[in-house]
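Colleague: Pasting a predicted model and its sequence here:
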Amino acid sequence: MSLKHRIGALFSSRGKLEYAIHLTENGKAVQGFALLSRLAAAGDAEASFRVGRAYLDGFGVPPSLEDGARWIYQATKAGHIEATFILATLYTVGLPEGFEIQTSSEGLDLSQKPQIGPRHPDFHLGHRWAKVAAEAGSPDAQALLGYILTNGPEDLRDLPQARTWYERSAEAGCSQGHLGVALSILDSATTGEELSSAARHLLEATKGGLGTAFDILGRMYESGSGVPRDLGKAATYFHEAAERNVVTAQARYGLMLLEGIGTPKHYGRAETWLKRAATNGDTQSAALLGDLCTNGGELPPNLVEAAKWYRLAAEQKHAGAARALGLLYLTGNGVHQDPDVASHWFKIASEAGDAHADADFGNLILAGAAATSDEKKALHERFEKAAEKGDLVGAYNLGVSFAEGVTGTQNGREAARWMQKAADGVVNAQYWYGRMLLEGRGVQPDPAQALYWMEKAADAGMAEAQVTVAGLLVNGNINGRKDHEKALALYRNAAESGNVDAMFSLAAMYGGGHDVPENRPQAQLWFRKAAQRGNGLAQMMLGRYLVRGLAGVTDPVEGRIWLERAKAQNIKDAEVELVMLDEAQPDDDD
């Protein structure tokens, strides 16, 4: 600003205002605010508005909702349209409970600051001031008025009027107006032409950087609604929305990165976006992160991390996550083993609609979940009623109850009877009934039928059944039936689901001596996975492979580490390997 203008600012109110604005916009916000404050106190509406915004934004002065709202109100009463819009916004977004806008600083006790807490929208006052500003021609206020007429209380709602205000706002080039028109169209769209019109308004809304517009466009391009289906564009729009903190877009974009849909697959970036979505409250993303940490993606499984994400989703009543967390507590993977805590999460899962959670009751009883005799009796009676009504999960639970003597007395025959009924549709029951037939518990032994039922459970994906059946097929224990190729597939499926015993057995099959192609690099890979999860035999085998170079790479230093770990678990062969390794080392005196 020239010397002439600075001198002019000393004599003219207009000049003082321009000088104050110049200071504020050129890195001297404190000096500018001081001058604006004096002008506002003298009744200048523009200065009052700018002082109010400064307090609300904390620009050139410590932020203060009470002072900011007071000066905005003063500017509004003086007829300042933008201040009127800001005032309407404050009421619509909500002010803390008990907060009242002071219309004057006189008598204001500055030591008694209102408690800042949850905001409580006042749509009626918001409507009053938004209408004033909208009728005065403010495009932003017109869009806000449309929002209030759409989302406010019943006595204010007027969708045709809302559409009219949105359209006036959009005609003036307001992004929020374009978004409002698009949402109004989508609310009742029945034709492709209407959907295309909504997409055009959304595209205009994206020019203002509105995350919601990017998100909806992403969904439209993903499904081909109103626009040609284009997964690449969908991913781009979801990314833009995600960057603007739209939680649903963060979740969707993370999933697209994970699966390589519309964008190159990138596990690290996918995990980052899913974590942001989960932290922002998306339960499905939290549950998915739990699954990724459990099964392992590009990194080894991390059950401690899995438990953290499952818990985040389970606390928000996500059925699958609650059941998964219950299973971790049941087995002691990633968390301390605690059947009672497992029971709590199974209950949450069941109440959230996971029918399989009830079927985990049998595992809880086996693990020794605490329950009084009255509670056990009540559970038994509940399962009995459900089973008699044809509920297969109830029949399974009743079978477990009889098998384990939940009410005090075991009854193998009744256990087998109810397990047989449940086996028609409950995978756990198929496995239990197969084991009963194999061991002759409550029924005549029938190895062929036992294999039939356990194989059904294995083919349905039950890891424990896969491991058991694979072992039978390797050894040919039932009617001499051997099928090493299927056993390998079953072990692989169970191993990939996280079963450590399966990892070891899969590695052993790849290691040679079976009717499948030998693949020692794969054997070492799976021995390593099992070893990392604490399997002593796998630690010994991994050490042996590394010391002897059985998979093509020799590393006696790392091999010794794994052998020492196996020895600490009392694996005798590990001691032998260590002795041989020591004997093979050159004598320091040579």
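Modeller: Sure, I can see it.

Colleague: how about the nearest residue to residue 281, chain neighbours excluded?
Modeller: residue 247 (6.3 Å; CB to CB, 6 or more residues apart in numbering). Placement of C-beta: from N, CA and C, glycine included.

Colleague: Please report the distance of the one you found from residue 557.
Modeller: Computed as CB to CB, to the nearest Å, the residue 247 to residue 557 distance reads 47 Å.

Colleague: Between these two, which is the more surrounded one?
Modeller: residue 247 (19 against 9; other CB atoms under 10 Å).

Colleague: Now do the same contact list for the more buried one.
Modeller: Residue 247 is in contact with 277, 280-282, counting by CB atoms under 8 Å, 6 or more residues apart in numbering.

Colleague: So which of these sit within helices?
Modeller: residue 277 (DSSP state H).

Colleague: buried subset of the contacts of residue 247?
Modeller: Buried members of the contacts of residue 247, counted by 16 or more other CB atoms under 10 Å: 277, 282.

Colleague: and which of the contacts of residue 247 is nearest to residue 341?
Modeller: residue 281 (23.8 Å; CB to CB).

Colleague: list the buried ones in stretch 252-269?
Modeller: So stretch 252-269, judged by 16+ other CB under 10 Å, has buried residues 252-258, 261-263, 269.

Colleague: scratch that, stretch 285-297
Modeller: Applying 16+ other CB under 10 Å to stretch 285-297 flags 285-290, 292-294 as buried.

Colleague: mind listing the strands for this protein?
Modeller: Here the chain has its strands, by DSSP state E, at 95-96, 119-120.

Colleague: rank those by pLDDT, which is bottom?
Modeller: Mean pLDDT is lowest for strand 119-120 among the strands of the chain, at a mean of 80.

Colleague: So which other helices or strands are in contact with that strand?
Modeller: strand 95-96 (3 or more CB pairs under 8 Å, 6 or more residues apart in numbering; DSSP states H and E).

Colleague: The strand it packs on pairs with which strands, parallel or anti?
Modeller: strand 119-120 (antiparallel) (DSSP bridges).

Colleague: Check what contacts the partner strand and list those residues.
Modeller: By CB under 8 Å, 6+ apart, strand 119-120 touches 93-97.

Colleague: buried subset of the residues you listed?
Modeller: Buried among those by 16+ other CB under 10 Å: residue 95.

Colleague: what's the closest of the contacts of strand 119-120 to residue 524?
Modeller: Closest to residue 524, out of all of those and judged by CB to CB, is residue 93, at 60.0 Å.

Colleague: Residue 136 is in contact with residue 81, correct?
Modeller: Yes: using CB atoms under 8 Å, residue 81 makes contact with residue 136 at a distance of 4.8 Å.

Colleague: who has more neighbours, the two?
Modeller: residue 81 (20 against 15).

Colleague: mind putting the strands of the chain in TSV, distance to residue 461 included?
Modeller: TSV is the format used below for the strands of the chain (distance: least, CB to CB, whole Å):
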stretch	distance to residue 461
strand 95-96	52
strand 119-120	48
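
Colleague: Residue 29 is nearest to which of the ones you listed?
Modeller: Closest among these, once you apply CB to CB, is strand 95-96, at 25.4 Å.
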